[in-house]
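> okay, sequence plus prediction incoming.
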Amino acid sequence: LNCGYIKYTMRQEIFAASSYCTSILIDNGLLFEYQADFFCNILSKIMNNKYKDHWYIDNPSRGQALRAICIENGQLDTVL
């Protein structure tokens, strides 16, 4: 029962992050509306695979550095 809750919570957070990233790309003309659902779904799958072993429901700050999506000095995070 607890395991299902962890997966649901992680998926919910990943969906929110991938939706946000998708909207930023659309707003900046880097992604067309018709591509949004496909991109968002693929990004969610990539993030899920990367973060699945770094999600701790009892200790949310644990693993947060690995889960960060960075854009620094014009370089996009490899997840993007």
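Received the coordinates, thanks.
> and the next element down the chain from the helix or strand bottoming out on mean pLDDT in the chain?
Here the helix or strand of the chain ranked lowest by mean pLDDT, DSSP states H and E is helix 64-67, holding a mean of 65. Downstream of helix 64-67, the next assigned helix or strand under DSSP states H and E is strand 71-72.
> name the helices or strands packed onto the helix ranked longest in the chain?
Secondary structure assigned by DSSP state H gives helix 2-27 as the longest helix of the chain. For helix 2-27, the packing partners by 3 or more C-beta pairs under 8 Å, 6 or more residues apart in numbering; DSSP states H and E come out as helix 33-51. For glycine as for every other residue, the C-beta is placed from the backbone atoms N, C-alpha and C.
> buried stuff in the helix it packs on?
Residues 39-40, 43-44, 47-48, 51 are the ones in helix 33-51 that count as buried (16 or more other C-beta atoms under 10 Å).
> and of the residues you listed, the nearest to residue 80?
residue 43 (7.5 Å; C-beta to C-beta).
> for that closest one, give its distance to residue 62.
Distance, residue 43 to residue 62, using C-beta to C-beta, to the nearest Å: 23 Å.
> kindly report the same for residue 80.
When residue 80 is compared with residue 62 (using C-beta to C-beta), they lie 23 Å apart.
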